[in-house]
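Participant: based on what follows, work out the 3D shape:
(one chain, ligands or ions: 3)
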Amino acid sequence: MARLYESRKRVLVTGGAGFLGSHLTDKLLSQGHEVLCADNLFTGSKRNIDHLHNEPRFEFIRHDITLPLFVEVDEIYNLACPASPIHYQHDPVQTTKTSVHGAINMLGLAKRLKCRILQASTSEVYGDPTVHPQTENYWGNVNPIGLRSCYDEGKRCAETLFFDYHRQHGLDVKVARIFNTYGPRMHQADGRVVSNFVMQALRDKPITLYGTGKQTRSFCYVDDLIEGLVRLMESPSGFIGPVNLGNPDEFSIKELALEILRQTNSRSELQFLPLPADDPKQRRPDIALAKSVLNWQPVVPLADGLLPTIAHFTSLIRNISAQTFAASKIAIEASTKSESPEWIPENRASDDTHDPRKQAD
Ligand code: NAD
Ligand code: UDP
Ligand code: UDP
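Facilitator: Ligands and ions are numbered 1, 2, ... in the order given. Predicted coordinates for the structure are as follows:
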């Protein structure tokens, strides 16, 4: 849908090649806007935006938001930041820089352009919460020096910056606190619970339950989340947030595992492993604010949202197998050269690696 030029906005999406950013980009383009995606491809992938190759209203720039950015846009969604624990703990200093220096640069850009800017914050600002469900006025229970702190405290500082740019410079800001979101285009090796369990179930490998599996999360399907973000951006300028965006249906991690096993007809067994440090015991958003101000609430139940998610990972596995088969054929033809050639995907450490830098393309 192409809009009339006057009502078409030029929107900057930082982190636009990531999981959420690429879905947001699709949504904005479908509304007729132009999208400029700025991403350093640390955890994102060109594959996520490949389908936009011939879209004249879409533009990609490879850029790290810890560095200044000079572009002309009407609106900014700041999503750039690794989101899964193994990715953000890979280079924790860079994670804090992305949240803090990145926020300063994007806020400086919004200040020069006098444009609206939305921050993708997170339920992690509540840490391991002592209030349940979490309301926006709860200040959280966060370890400032732990393994998750680079992400949690970075995001908390970014919220502070957004509010200070608003108070000090009158900037039009919006802050969304996003709870666990899942769906197609999640990275297969990001270590998050949905991607891990689905990949394990589809391969009949053990399902890795950390701790007792009794800890809880609330899972929001990506389409619902994106709708919430866009509604927040379009809300009246007096409404800043922070506002919780997530699905209030709460599940134990074991319940999630059993549902995924059911939907995939998997023969995988449950394997109990130690709980990572500072892993929150329970998490569920109170979404009363989003309901009343944005008239928003999720509509996709977990069982329904898992269907397209499982389909996504199934097709990923098929592609990996096809590539492995093609590489094996070449390997057989060159069989005398090496017993375990590094260039066969199966033999590469990067295939299931948790080093995200090796996966950026
Ligand atoms: P993702 O890792 O798929 O996407 C993040 C994107 O940011 C990637 O494309 C990555 O390459 C890019 N990026 C990272 N550092 C950058 C930098 N310095 N400069 C430019 N680009 C950079 O993660 P996601 O799940 O799509 O998360 C998007 C945003 O939403 C993040 O800010 C995250 O904190 C927030 N969030 C996500 C969830 C969730 O469940 N998915 C929950 C809470 C908050
Ligand atoms: N900035 C940017 N693009 C712009 C304007 C500013 O990246 O179009 C960056 C700039 O590098 C600066 C940061 O945003 O470091 C904060 O800008 P601000 O105007 O708030 O502060 P100052 O420039 O006074 O440090
Ligand atoms: N988890 C798990 N097995 C896995 C991955 C995660 O049991 O293979 C648990 C993890 O300990 C946490 C929950 O699932 O309690 C959600 O983890 P995720 O990393 O997806 O998100 P976050 O902890 O940031 O909410």
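Participant: got the CA positions of the helix or strand that contains residue 232 in CSV?
Facilitator: Element membership of residue 232, judged by DSSP states H and E, is helix 222-233. Provided in CSV are the C-alpha atoms of helix 222-233 (Å, rounded to 0.1, in the frame of the first residue of the first chain):
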residue,chain,number,x,y,z
VAL,A,222,5.4,-11.2,17.6
ASP,A,223,2.4,-9.8,15.6
ASP,A,224,0.7,-8.8,18.8
LEU,A,225,3.8,-7.1,20.1
ILE,A,226,4.4,-5.1,16.9
GLU,A,227,0.8,-3.9,17.0
GLY,A,228,1.4,-2.6,20.5
LEU,A,229,4.6,-0.8,19.6
VAL,A,230,3.0,0.9,16.7
ARG,A,231,0.0,1.9,18.8
LEU,A,232,2.3,3.4,21.4
MET,A,233,4.2,5.4,18.8
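Participant: who's in contact with the nearest residue to residue 151 once chain neighbours are set aside?
Facilitator: Among residues not flanking residue 151 along the chain, residue 88 sits closest, at 4.4 Å (C-beta to C-beta, 6 or more residues apart in numbering). Where C-beta positions appear, they are placed from N, C-alpha and C, glycine not excepted. Counting by C-beta atoms under 8 Å, 6 or more residues apart in numbering, residue 88 touches 81-82, 95, 150-151.
Participant: how far out from the middle of the chain is stretch 308-319?
Facilitator: Centre-to-centre, stretch 308-319 and its host chain are 18 Å apart (C-alpha atoms, centre = their mean, to the nearest Å).
Participant: which parts of the protein sit against ligand 2?
Facilitator: 68-70, 104-105, 108-109, 111-112 (C-beta under 6 Å from any ligand atom).
Participant: dump these to TSV, plus pLDDT, neighbour count and secondary structure.
Facilitator: Output for these, formatted as TSV (pLDDT from 0 to 100; neighbours: other C-beta atoms under 10 Å; DSSP: H, G, I helix; E, B strand; the rest coil):
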residue	pLDDT	neighbour count	secondary structure
68	98	12	coil
69	98	19	coil
70	98	9	coil
104	98	17	helix
105	98	20	helix
108	98	16	helix
109	98	22	helix
111	98	15	helix
112	98	10	helix
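Participant: how far away is residue 307 from residue 115?
Facilitator: 38 Å (C-beta to C-beta, to the nearest Å).
Participant: circling back: does ligand 1 sit close to the helix holding residue 232?
Facilitator: No - judged by C-beta under 6 Å from any ligand atom, helix 222-233 and ligand 1 are separated, with a smallest distance of 7.8 Å.
Participant: for the following helix or strand past that helix, packing partners?
Facilitator: Going down the chain from helix 222-233, the next helix or strand is strand 243-245, by DSSP H and E. Judged by 3 or more C-beta pairs under 8 Å, 6 or more residues apart in numbering; DSSP states H and E, strand 243-245 is in contact with strand 173-178, helix 222-233, helix 288-294.
Participant: just the helices in the stretch 251-361 of the chain please.
Facilitator: Along the stretch 251-361 of the chain, counting by DSSP state H, counting those that start in this stretch, helices occupy 253-264, 288-294, 302-333.
Participant: what's the second one in contact with?
Facilitator: The set of residues that contact helix 288-294 without belonging to it, under C-beta under 8 Å, 6+ apart, is 135-136, 228, 231-232, 235, 239, 241, 243-245, 296-297.
Participant: one more: stretch 44-63?
Facilitator: 2, 8, 15-19, 21-22, 25-26, 29, 32-41, 69, 71, 185, 187, 359-361.
Participant: what residues sit buried inside it?
Facilitator: Of all the residues in stretch 44-63, those buried under the rule 16 or more other C-beta atoms under 10 Å are 44-45, 48-49, 52, 57-60, 63.
Participant: nice, that's everything, thank you.
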